[in-house]
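**Student:** Pasted the sequence and its predicted model underneath.
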Amino acid sequence: MRCPYCGHYDSKVIDSRSSDREGGSSIRRRRECKSCETRFTTYERIEKTSRMMVIKKDGTRVPLDPRKILSGIQAACGKRPVSEERKMEIVTEVEELIHREFEREIDSIEIGRHVARLLRETDQVAWIRYASEYQSFESIDQVQEAIQELKSTPPPVSGQNELFDTD
Ligand SMILES: [Zn+2]
């Protein structure tokens, strides 16, 4: 979504809610330009959202529900240091990608793959949890590679601070 003020191509979503203005349903998104940081509001028609169907593993079809994507991410993140904002950002990014690349339906596995990819860039532990839950690892090698990578990552700084706590 282009910034109406400076034309920058990228903005982040601060808040999303459905809205019944102008007769039809739409999604009202509050956005902030990543360049000039001006905030603006967009209204996106909801019909494209509700029309998208997700094909589950058992072959049944359910309407795409961003809240389900979010709850999967939240479960994987647990107490990991991933902000709510980043979680919402992943949902939005996946949603936008789905609507860009698919017209009417998408495999749930495909959604899982995209979420896993974005989580991988965000938090390794959350990514591994998510990918094992949704079986979106592409191969056993990838699992081993991931765990190896995790082992070689130094422990978080908060653990080290405890050594210096005097109370
Ligand atoms: Zn701007």
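**Tutor:** Okay, I see it. These numbers were taken from a predicted model, which means no experiment stands behind them.

**Student:** starting at the chain centroid, how far to the longest helix seen in the chain?
**Tutor:** Under DSSP state H, the helix in the chain containing the largest number of residues is helix 84-101. Centroid separation for helix 84-101 versus its chain: 5 Å, with Cα atoms, centre = their mean, to the nearest Å.

**Student:** now stretch 34-53
**Tutor:** 15 Å.

**Student:** Pull up the distance across it, start to finish.
**Tutor:** 31 Å (Cα to Cα, to the nearest Å).

**Student:** can you check stretch 68-84 too?
**Tutor:** Note: stretch 68-84 ends 15 Å apart using Cα to Cα.

**Student:** List the contacts of that stretch.
**Tutor:** 87-88, 90-91, 94-95, 111-112, 115, 119, 122-123, 125-127, 129-130, 133-134, 156 (Cβ atoms under 8 Å, 6 or more residues apart in numbering). Placement of C-beta: from N, CA and C, glycine included.

**Student:** Now intersect those residues with the strands, please.
**Tutor:** Among those, none falls in strands (DSSP state E).

**Student:** returning to what we had before: going along the chain from the longest helix of the chain, find the next helix or strand for me.
**Tutor:** Where DSSP states H and E defines the elements, the next helix or strand beyond helix 84-101 is strand 105-107.

**Student:** so what does that following strand touch, helix or strand wise?
**Tutor:** The helices and strands touching strand 105-107, judged by 3 or more Cβ pairs under 8 Å, 6 or more residues apart in numbering; DSSP states H and E, are strand 53-55.

**Student:** Check what contacts the helix or strand that comes right after the strand it packs on and list those residues.
**Tutor:** Using DSSP H and E, the helix or strand that follows strand 53-55 towards the C-terminus is strand 61-63. Strand 61-63 has contacts (Cβ under 8 Å, 6+ apart) with 50, 52-56, 105.

**Student:** What residues sit buried inside the helix or strand that strand 61-63 is followed by?
**Tutor:** Next in sequence after strand 61-63, counting helices and strands by DSSP H and E, comes helix 66-77. The neighbour-count check on helix 66-77 (16 or more other Cβ atoms under 10 Å) flags 66, 69-70, 72-73, 76-77 as buried.

**Student:** Show me what whichever strand or helix holds Q148 is packed against.
**Tutor:** Using DSSP H and E, Q148 sits in helix 140-151. Helix 140-151 is packed against helix 124-133, with contacts defined by 3+ Cβ pairs under 8 Å, 6+ apart.

**Student:** Using CSV, list the CA coordinates for the helix it packs on.
**Tutor:** What follows is helix 124-133, C-alpha atoms only, in CSV (Å, rounded to 0.1, in the frame of the first residue of the first chain):
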residue,chain,number,x,y,z
GLN,A,124,14.2,-19.4,15.3
VAL,A,125,12.5,-21.2,18.3
ALA,A,126,9.1,-20.0,17.2
TRP,A,127,9.8,-21.1,13.7
ILE,A,128,10.8,-24.6,14.7
ARG,A,129,7.8,-24.9,17.0
TYR,A,130,5.5,-23.7,14.2
ALA,A,131,7.1,-25.8,11.5
SER,A,132,6.9,-29.0,13.6
GLU,A,133,3.3,-28.3,14.5
